[in-house]
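*Asks:* Whatever this is, show me its structure:
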Amino acid sequence: MLIMKGFLAVLSFAAAVYYSGGFGSAAYKRPPPRETLFRPLLDALEDDDGTSPQQVHISLSGENNMRISWITSDSSPDVVYYGTSPGANTRSANGTIDRYDYLTYVSGEIHNVIIGPLTPDTVYYYRCGWISSTEFNFKTPPSQFPIKFAIIGDLGQTGWTNSTLQHISKSNYDILVLPGDLSYADFIQRLWDTFGRLVQPLASNRPWMVTQGNHEIEEIPILHSESFTSYNARWVMPYKESNSSSNLYYSFEVAGVHVVMLGSYTDFEPGSDQYRWVQADLNMVDRRKTPWLIVVVHAPWYNSNEAHQGESESVDMKKALEDLIYGARVDAVFAGHVHAYERFVRVYKDKADACGPVYITIGDGGNREGLASKYMDPQPKISAFREASFGHGQFEIFNATHGLWTWHRNDDDISVASDQIWLKSLASISACHDITA
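*Replies:* Sure, this is the predicted structure:
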């Protein structure tokens, strides 16, 4: 066991160096991160009674449905009791139970139950597994504008993570969007459990819609050849509902917004399953029904930070998909990966373009690797604002034409609105209607 722990520690270190650009690319120095929160969360896991629901989180699952996900150490029923009054869980639904193995680790029972149809903009109370278990609650998103998204990338499990989550909890958001790099478990599966514990207060209360990043890959040649094992088992997204064949890319619609979640670390070249899927998905978007169109991806296509320059997941994916994104008149593209914040003007083919998307890097949630503090000099003209600070973003869409984007810096644990811009939906700009890429 000690040998295995030592081996995993080496793997974790190697992954940290590789993922931060230390192997085969220009390294950059990050300031020291805050303390990790693993130990107390591990202690809490040891106190688990076996059948109590833990790591509870929710996600959208088609129109007016919600997926409830949780884990138990021992066997418990795959049922959710729910209703619109506290203590009166008069409806119920059953789901599925799964487990996964990773080297010597065996997960607890992973429960997934879809409940609905639900009424929009309504608070529901629910219990997982047993009618006597802890009661949680969530609010369904509205069916029409306004709607508010909280957006954070590269979250991790540090003091900065905790500060970011506290700020988001006070923002009265409807849906959280996370463009990859969730737990930073990096092969150590127990750290997926601590991450689930850390985010449960927020993730059990509002839907979290996520996509994968490089830290979710967790493939080990020979020893564990499958990629995304833990991510796919623990964070099931509505890919089947959006006609995708993979949990690594999907889309969803809510309150006049169509959101496309892409996978940076699965095939995206023309002819690939993802390319064909995103082409079909964008072609089916009805801008009369969803006047706002947003794309989320992990590795940024536009980036003036010294970190992660020249990576194929950015360069090649941009080359493969930018024409589709531009032709569909996507309003904004959110990315993570670079541990800093940056907002670009509307861009297409590396030039300002009034009909292109606004590209925003928001990989500053609070990870253990620290910030990417070095930017290219001079600042490109298409880069409107950039800063290496931890924080989060809020995108509040008020109607079919106007939305307000705000980036909040974590300044000494105080949330400070440091960058703000009004965006207008490209569907409402007549000059962009008939232009094709």
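
*Asks:* Residue ranges in the stretch 151-300 of the chain under the pLDDT threshold?
*Replies:* Judged by pLDDT under 70, the stretch 151-300 of the chain has no weakly predicted residues.

*Asks:* Break down the stretch 1-150 of the chain into its helices, ranges please.
*Replies:* 2-19, 38-46 (DSSP state H, counting those that start in this stretch).

*Asks:* quick one: which of these has the weakest pLDDT on average?
*Replies:* Per-segment mean pLDDT for the helices of the stretch 1-150 of the chain reaches its minimum on helix 2-19, at a mean of 40.

*Asks:* so residue 334 is in which element?
*Replies:* strand 332-335 (DSSP states H and E).

*Asks:* Now residue 145, what are its backbone angles?
*Replies:* Dihedral pair for residue 145: phi -60, psi 150, per degrees, to the nearest 10.

*Asks:* Quick check: it vs residue 328, distance?
*Replies:* 21 Å (Cβ to Cβ, to the nearest Å). (C-beta placed from N, C-alpha, C; glycine too.)

*Asks:* between the two, who's got more neighbours?
*Replies:* Between residue 145 and residue 328, residue 328 has the larger neighbour count (other Cβ atoms under 10 Å), namely 22 against 18.

*Asks:* Now do the contacts for that one.
*Replies:* Each residue near residue 328 by Cβ atoms under 8 Å, 6 or more residues apart in numbering is listed here: 282-283, 285, 293.

*Asks:* try 6 Å
*Replies:* Counting by Cβ atoms under 6 Å, 6 or more residues apart in numbering, residue 328 touches residue 282.

*Asks:* again, but for residue 320
*Replies:* Residue 320 neighbours (Cβ under 6 Å, 6+ apart): 268-269.

*Asks:* For the host helix or strand of it, output the C-alpha coordinates as PDB.
*Replies:* In the assignment (DSSP H and E), residue 320 maps to helix 312-327. Extracted C-alpha coordinates of helix 312-327, given in PDB (Å, rounded to 0.1, in the frame of the first residue of the first chain):
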ATOM      1  CA  SER A 312      -3.000  21.800 -30.000                       C
ATOM      2  CA  GLU A 313      -6.100  21.800 -28.000                       C
ATOM      3  CA  SER A 314      -6.300  25.500 -28.500                       C
ATOM      4  CA  VAL A 315      -4.600  26.100 -31.900                       C
ATOM      5  CA  ASP A 316      -6.000  23.100 -33.800                       C
ATOM      6  CA  MET A 317      -9.500  23.300 -32.200                       C
ATOM      7  CA  LYS A 318      -9.700  26.900 -33.200                       C
ATOM      8  CA  LYS A 319      -8.700  26.100 -36.700                       C
ATOM      9  CA  ALA A 320     -11.300  23.300 -36.900                       C
ATOM     10  CA  LEU A 321     -14.300  25.000 -35.300                       C
ATOM     11  CA  GLU A 322     -13.900  28.800 -35.500                       C
ATOM     12  CA  ASP A 323     -15.700  29.000 -38.800                       C
ATOM     13  CA  LEU A 324     -18.700  27.100 -37.400                       C
ATOM     14  CA  ILE A 325     -18.800  29.300 -34.300                       C
ATOM     15  CA  TYR A 326     -18.600  32.500 -36.300                       C
ATOM     16  CA  GLY A 327     -21.100  31.300 -38.900                       C
END
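
*Asks:* so for it, what's the average pLDDT?
*Replies:* Regarding helix 312-327, the rounded mean pLDDT is 97.

*Asks:* Look up how far residue 210 lies from residue 186.
*Replies:* For residue 186, the distance to residue 210 - Cβ to Cβ - is 17 Å.

*Asks:* Kindly report the same for residue 72.
*Replies:* Distance from residue 72 to residue 210, by Cβ to Cβ: 22 Å.

*Asks:* what comes up buried for stretch 201-221?
*Replies:* By neighbour count on 16 or more other Cβ atoms under 10 Å, the buried set for stretch 201-221 is 202-218, 220.

*Asks:* ditto for stretch 112-121
*Replies:* Buried, per 16+ other Cβ under 10 Å, within stretch 112-121: 112-116, 118.

*Asks:* Next: stretch 380-398.
*Replies:* Across stretch 380-398, burial judged by 16+ other Cβ under 10 Å covers 380, 382-397.
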